[in-house]
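Asks: Have a look; sequence and predicted model below, questions after that.
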Amino acid sequence: MELVVIGSGPAGWLAATACAEAGHRVSLVSPDPTAPWPARYGAWTRELAEIGALATLATHTWPTVGVVCDRRRQVDRGYARVDGAGLLGLLQGRFLKAGGQTVRGRVVGVRAARHHDEASAPTRVELDTGGSLSADLVLDASGVPGRAGGPEVRAWQRAWGEELQLAGGVTPDGLRGMTLMDWTPPSPRWLARWRERPTFLYAMELGEGRVFLEETQLSASDPLSHGELRARLHARRRRLGVLNGASVVDVERCALPMLLAPQAIEPGVVRFGARAGFVHPATGYSLTWSARQSRRLCAALEGVGARRGEAAAAPVRAALVSDPRAELLTRFGAELLLSLDGPASVAFFAAFFALPPSRWSALLDRGSPVGRRIETMSRVYLAAPASIRRRLRHAAWRDRGRVSAALIGRPNLREVSR
Ligand SMILES: Cc1cc2nc3c(=O)[nH]c(=O)nc-3n(C[C@H](O)[C@H](O)[C@H](O)COP(=O)(O)OP(=O)(O)OC[C@H]3O[C@@H](n4cnc5c(N)ncnc54)[C@H](O)[C@@H]3O)c2cc1C
C-alpha cells in the first residue's frame, strides 16, 4: 500500500518503520522529520524487552523501583531510562533501508473521497508547502493538539522536571536508585495545598552526582501550572538538601493528554499514538504501547487486501482497539484517580503497590485482558482501607452503565477513543 504517516514523534516513527519493513511504500511527513524528540522516556524493562533491542534503547536501568506511600517499598520490577536519541536513530536507519521516504512539510488538509461509492479512492494529503501526496491510507500520528481538528482533552498530566548536577557529586540517601512515586508532600508549607491537589516525586539517580527529579500531577482536568509544580519541586529539593549548590543541567516541562473525548471518525485516516489515545490514562506512558500497536497495525494491513481509503481504514481502526471492555475499565480507573485528594492517593497507591507486581501490572499494561484487570481491581478494592472502598463503590454506582458494560455487556465502541 501507499501509506502517508503524519508526524515524526515516537508513534510516527515506530509506525512508519514497521510498515516500511512490512513492504509498504511509506512517506513520513513532518515539519522537521529528523528533529530530536523533546521528552525523556522511561519504561519497564520487561516491556522494552518485548519490543526488542533493549541494549541499545536504555541509558540507565534499575532492577527495582522505590514507591513511597504510607512507607517506602522496594518494588521488584526493572525500570529503564530510554535512550530517545538512540531509538530515533535506529528507527530512521531502518526506515530508510526499507525504502521509506521523509517529506518536510506541515499537513494542512486531508481530503478523502466524499461519496460512498468512492470509499476505496485514494486520500489526498495537502501540505503547507503547496504540494500534496496521494495515499491509500493515512496514519495520523501528529500528537495532541497536533494538526488542526485535534481531540478535546479531558485530563492532563503535568510535570516539572530538572536534571541536576549535585555539589560534590554526592547523591543523598533519599535519592538513591529509582523512585517511581514518592507521595510525601513537598514540604510542611505545601501540606494544605498538597492535600487538595496532590503531586508526587519521580526521581532517578543517574550516576556521578547526577539526578533527575520531577514533580508530577498524575492526572487532572484542571491541571496545576508549571510554575506551581516548579515551586513544589524546589520546596522538595530544599527539604532533601539539594537546592543550593546543585546546578540545573536540563529542564523538562511535561503536558500529557491523559483522557481524550471520543472522536469522530475521519474518513481514510487511522489515528495513531497520543492522537489516538495511546497515552495510558492512568500512568502517562505510551512509548512501548505505540511499538506494540505498530505490529498490530502491520498485521491489520495484511488483511486489507485491495481495499483503499475508508474501506481500508475501518478494519485497521477496529484492529487497533485491543479490547473495548478492557479500555472502558481503564478509563473508569483513570477517572477515579482524578477524584482522589492527597491522603486518598496515598491510601490507594499503598493498597495498589502492596500487591505483587505480577498482579498490579495488569492495570498498567494496556494489552492485558479484561479478566485479569477485573481480578486486580477486586484485589485492590479488598486491600484498600474502608474510606477508599467507599469511594470505589460510589464511583462504580455513579458510572454503573459503563462499568456493567465493561464487566458483562457489549460496550459502545464510541466510548473508546479512536
Ligand atoms: C515531557 C514528556 C515526558 C514523557 N515521558 C514519557 C515516558 O517516560 N514514557 C512514556 O512511555 N511516555 C512518556 N511521555 C508520553 C508520550 O510517550 C509522548 O507524549 C509521546 O511523545 C507521544 O508520541 P506521539 O508520536 O504520538 O506524538 P508527539 O511526540 O507529540 O509527535 C507528534 C509529531 O507530529 C508532528 N506534527 C504535528 N502537527 C503536524 C502537522 N500538521 N503536519 C505534520 N506533522 C505534524 C510534530 O512535529 C511531531 O513530530 C512523555 C511525554 C512528554 C511530553
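Replies: Thanks, I have the structure now. Here the structure is a predicted model, which means the values were calculated and not measured.
Asks: okay, now R193: neighbour count?
Replies: Neighbour count of R193, defined by other CB atoms under 10 Å: 17. Yep, even glycine has a C-beta here, placed from its N, CA and C like the rest.
Asks: which residues touch the host helix or strand of it?
Replies: If you go by DSSP states H and E, R193 is part of helix 191-196. The contact list for helix 191-196 (CB atoms under 8 Å, 6 or more residues apart in numbering) reads P185, P186, R232, D341, G342, P343.
Asks: The second one touches E228, doesn't it?
Replies: Read that as P186. No: in this structure, P186 is not within contact of E228 by CB atoms under 8 Å, at 10.3 Å.
Asks: Neighbour count: these two, which is higher?
Replies: The neighbour count for P186 versus E228, taken as other CB under 10 Å, is higher for P186 (25 against 18).
Asks: Give me every residue in the chain lying close to the ligand.
Replies: For the chain, the contact set with the ligand under CB under 6 Å from any ligand atom comprises 6-12, 29-31, 39, 41-43, 106-107, 141-143, 146-147, 252, 254, 256, 273-275, 279, 284-287.
Asks: Just the element for A314, please.
Replies: helix 309-320.
Asks: What helices and strands are in contact with that helix?
Replies: When contacts are defined as 3 or more CB pairs under 8 Å, 6 or more residues apart in numbering; DSSP states H and E, helix 309-320 sits against strand 137-140, strand 269-271, helix 287-302.
Asks: the helices in the stretch 301-418 of the chain, which residues?
Replies: Along the stretch 301-418 of the chain, counting by DSSP state H, counting those that start in this stretch, helices occupy 309-320, 324-338, 342-354, 357-364, 370-383, 386-398, 400-407.
Asks: I'd like those helices laid out as JSON lines, including distance to Q157 and mean neighbour count.
Replies: Formatted as JSON lines, the helices of the stretch 301-418 of the chain follow (distance: least, CB to CB, whole Å; neighbours: other CB atoms under 10 Å):
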{"stretch": "helix 309-320", "distance to Q157": "22", "mean neighbour count": "20"}
{"stretch": "helix 324-338", "distance to Q157": "10", "mean neighbour count": "20"}
{"stretch": "helix 342-354", "distance to Q157": "14", "mean neighbour count": "20"}
{"stretch": "helix 357-364", "distance to Q157": "14", "mean neighbour count": "18"}
{"stretch": "helix 370-383", "distance to Q157": "21", "mean neighbour count": "16"}
{"stretch": "helix 386-398", "distance to Q157": "20", "mean neighbour count": "14"}
{"stretch": "helix 400-407", "distance to Q157": "22", "mean neighbour count": "16"}
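Asks: Select, out of those, the one closest to D173.
Replies: Counting by CB to CB, D173 lies closest to helix 342-354 out of the helices of the stretch 301-418 of the chain; the figure is 20.7 Å.
Asks: hmm, who's touching that closest one?
Replies: The contact list for helix 342-354, computed with CB under 8 Å, 6+ apart, reads 67, 69-70, 73, 75, 181, 183, 185, 194-198, 200, 218, 337, 340, 360, 363, 380, 383-385, 387-388, 391.
Asks: cool, and stretch 139-153?
Replies: 3-7, 9, 11-12, 15-16, 19, 106-108, 110, 257-261, 263, 266, 269-277, 297, 417.
Asks: Would you mark the buried spots in that stretch?
Replies: Going by neighbour count (16 or more other CB atoms under 10 Å), the buried part of stretch 139-153 is L139, D140, A141, S142, G143, V144, G146, R147, G150, P151, V153.
Asks: could these go into TSV alongside distance to L90, pLDDT and secondary structure?
Replies: As requested, those are arranged in TSV below (distance: CB to CB, whole Å; pLDDT from 0 to 100; DSSP: H, G, I helix; E, B strand; the rest coil):
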residue	distance to L90	pLDDT	secondary structure
L139	20	98	strand
D140	23	98	strand
A141	17	98	coil
S142	22	98	coil
G143	21	97	coil
V144	25	96	coil
G146	24	94	coil
R147	26	95	coil
G150	28	90	coil
P151	29	93	coil
V153	30	95	strand
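Asks: these two touch, right, G105 and D128?
Replies: Yes: with contact defined as CB under 8 Å, G105 counts as touching D128 (5.9 Å).
Asks: for V370, what are its contacts?
Replies: Applying CB under 8 Å, 6+ apart to V370 gives the contacts D323, R325, A326, L329, A406.
Asks: how about 6 Å then?
Replies: The contact partners of V370, by CB atoms under 6 Å, 6 or more residues apart in numbering, come to D323, R325, A326.
Asks: Not counting sequence-adjacent ones, nearest residue to the first one?
Replies: In this case it means D323. Distances taken as CB to CB, 6 or more residues apart in numbering put V370 closest to D323, at 5.7 Å, once the chain neighbours are dropped.
Asks: try the last one
Replies: Residue nearest to A326 in three dimensions, not counting chain neighbours: V370, with 4.3 Å by CB to CB, 6+ apart.
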